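>>> could you look at this predicted model? Sequence included:
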There are 2 protein chains.
Amino acid sequence: MGSVAPPGRGPKVRAAVLAAAVAELGERGYAAFTVEEVAQRAGVHKTTVYRRWPDRDALIADALADSVAAELPIPDTGSVEADLRALARSLVAWINSPSGRAVLAVMVPAAGSPAPPDVMRHAFRDRIRRALPIVPRAIARGEIPVGTDPAELIKTLVAPIYFRVLIPRERVTEDTADAAAAVALTAARAGLFS
Amino acid sequence: MGSVAPPGRGPKVRAAVLAAAVAELGERGYAAFTVEEVAQRAGVHKTTVYRRWPDRDALIADALADSVAAELPIPDTGSVEADLRALARSLVAWINSPSGRAVLAVMVPAAGSPAPPDVMRHAFRDRIRRALPIVPRAIARGEIPVGTDPAELIKTLVAPIYFRVLIPRERVTEDTADAAAAVALTAARAGLFS
């Protein structure tokens, strides 16, 4: 099952299980996700999984955090414009990847299906939180006003990208990313996040 | 069942069935939606429903279009700032209503559940389309640059509102609406949608 590396000990098992968990989330969604299927896909016994993760939500949280951290590095180019553009472009690349689709499917379930647990929102908040240092660095360089709220700026940057994927279901591209960066930076320079 | 008006003939039956359909969508989601349950909730026989709507997707499309049209009037105040603010505030009010929650739940299903049919996206596109005249009116008044793309401006206006509801799951308020209007207008004045 799956194409993950054959399980060995320690880090290899962990990586194989987390990759299998992300793949299962993408194919089945949060409601139908089971530890048994993840173990089978990773080629390990389910007790091996339970030794490392107490329950399925702990496994999902780790898998999402791992996916987000690996695929969304935070840029530090020396220019806020380049940083915001790079951040938006890496979000677009991630959304278009199997892992990004898996995370989005979990974060936005249908009515009547189980609401995602807080661990899901933590993975999202963690991504926002990791991007925040872009803003004080830009303030220190005099590129945007003192007092700019980092979270407001980063949320404004990512909002049009998520919106186009989730509501009109448009394909997002580097052009989408660059346009979002231009809007967020223009609003920041105008003092709208102070 | 439900609190809709007792069914009479003609427009009353139509209104009762559409209200029941929106309520069912909100409670059960798209996948579990059935004409039988809608008929029961509206207090009519299901053949009465099938006489007016050939299938469940036609009923859902009508119910969503009706809900969107009734609850999202398009402002024409004479000022683009007031128009955008009013549009954003009415979107927030609609999102916080049972009907708005129902539509959003249908538009964004879980992985593995049926994708919404095109009629769903039509309801969304219709809402964007109905708001577009705000933009040429603003151009004609000289408030924003000639050549501003109406759809880009309106999507930028609504994106942060949908984003906060769907991803970080924040409550949206009139402050959210006003901030979104300020960002969209600032970007428009800077020529970012031309």
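Received, thanks. Values in this document were obtained by computation on a predicted structure and should not be read as measured data.

>>> dihedrals phi and psi, the nearest residue to A:Leu132 once chain neighbours are set aside?
Distances taken as Cβ to Cβ, 6 or more residues apart in numbering or on different chains place A:Pro150 nearest to A:Leu132, at 4.1 Å, with adjacent residues excluded. Glycine gets a C-beta too; all of them are placed from N, C-alpha and C. According to degrees, to the nearest 10, the main-chain angles of A:Pro150 amount to phi -60, psi -40.

>>> please apply the same query to A:Lys12.
Note on A:Lys12: its backbone torsions stand at phi -70, psi -40 [degrees, to the nearest 10].

>>> roughly how far apart are it and A:Gly43?
To A:Gly43, A:Lys12 is 11 Å away according to Cβ to Cβ, to the nearest Å.

>>> okay, the two: which has more neighbours?
Relative neighbour count places A:Gly43 above the other of A:Lys12 and A:Gly43, with 17 against 13, counting by other Cβ atoms under 10 Å in any protein chain shown.

>>> so the more buried one touches A:Ala16, yeah?
Yes - here A:Gly43 lies in contact with A:Ala16, judged by Cβ atoms under 8 Å, at a distance of 6.9 Å.

>>> let me see the ranges of the helices in chain A.
Per DSSP state H, chain A carries helices over the ranges A:11-28, A:35-42, A:46-52, A:56-71, A:80-95, A:98-107, A:118-131, A:134-140, A:150-166, A:174-189.

>>> dump these into CSV; add mean pLDDT as well.
Conversion of the helices of chain A to CSV gives the following (pLDDT from 0 to 100):
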stretch, mean pLDDT
helix A:11-28, 88
helix A:35-42, 96
helix A:46-52, 94
helix A:56-71, 80
helix A:80-95, 93
helix A:98-107, 71
helix A:118-131, 74
helix A:134-140, 97
helix A:150-166, 93
helix A:174-189, 98
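
>>> ok, and the closest non-adjacent residue to the residue sitting nearest the centre point of chain A?
With distances taken as Cα atoms, centre = their mean, chain A has A:Val68 as the residue nearest its mean C-alpha position (4.1 Å). With Cβ to Cβ, 6+ apart as the measure, A:Arg127 is the residue that lies nearest to A:Val68, at 5.1 Å, once sequence neighbours are left out.

>>> count of neighbours near the one you found?
For A:Arg127, the number of neighbouring residues by other Cβ under 10 Å comes to 23.

>>> so it sits against A:Ile74, correct?
No - when contacts are counted by Cβ under 8 Å, A:Arg127 is not listed as touching A:Ile74 (9.3 Å).

>>> what sits closest to A:Gly78 if chain neighbours are left out?
In this structure, A:Gly78 finds its nearest non-sequential neighbour in A:Arg141, 7.8 Å apart by Cβ to Cβ, 6+ apart.

>>> mind giving me the domain split of chain A?
Domain assignment for chain A by automatic domain parsing gives A:11-66, A:68-189.

>>> confidence score at the residue lying farthest from the centre of chain A?
For chain A, the largest distance from the centre (Cα atoms, centre = their mean) belongs to A:Gly142, which lies 29.2 Å off. The confidence metric pLDDT takes the value 97 at A:Gly142.

>>> any figure for the gap between it and B:Lys155?
As judged by Cβ to Cβ, A:Gly142 and B:Lys155 stand 31 Å apart.

>>> ditto for A:Asp55
Using Cβ to Cβ, we find A:Asp55 at a distance of 40 Å from B:Lys155.

>>> likewise for A:Val44?
Relative to B:Lys155, A:Val44 is positioned 45 Å away (Cβ to Cβ).

>>> so which of the helices of chain A comes closest to B:Val38?
Each of the helices of chain A has some distance to B:Val38 by Cβ to Cβ; the shortest is helix A:150-166, at 26.2 Å.

>>> in that closest one, what's buried?
Residues A:150, A:152-166 are the ones in helix A:150-166 that count as buried (16 or more other Cβ atoms under 10 Å in any protein chain shown).

>>> before we move on, back to that, the residue nearest to A:Leu132 against A:Val135, yeah?
Yes - with contacts defined as Cβ under 8 Å, A:Pro150 counts as touching A:Val135 at a distance of 3.6 Å.

>>> list the contacts of A:Ser79.
Shown here is A:Ser79, whose contacts under the criterion Cβ atoms under 8 Å, 6 or more residues apart in numbering or on different chains are A:Glu143.
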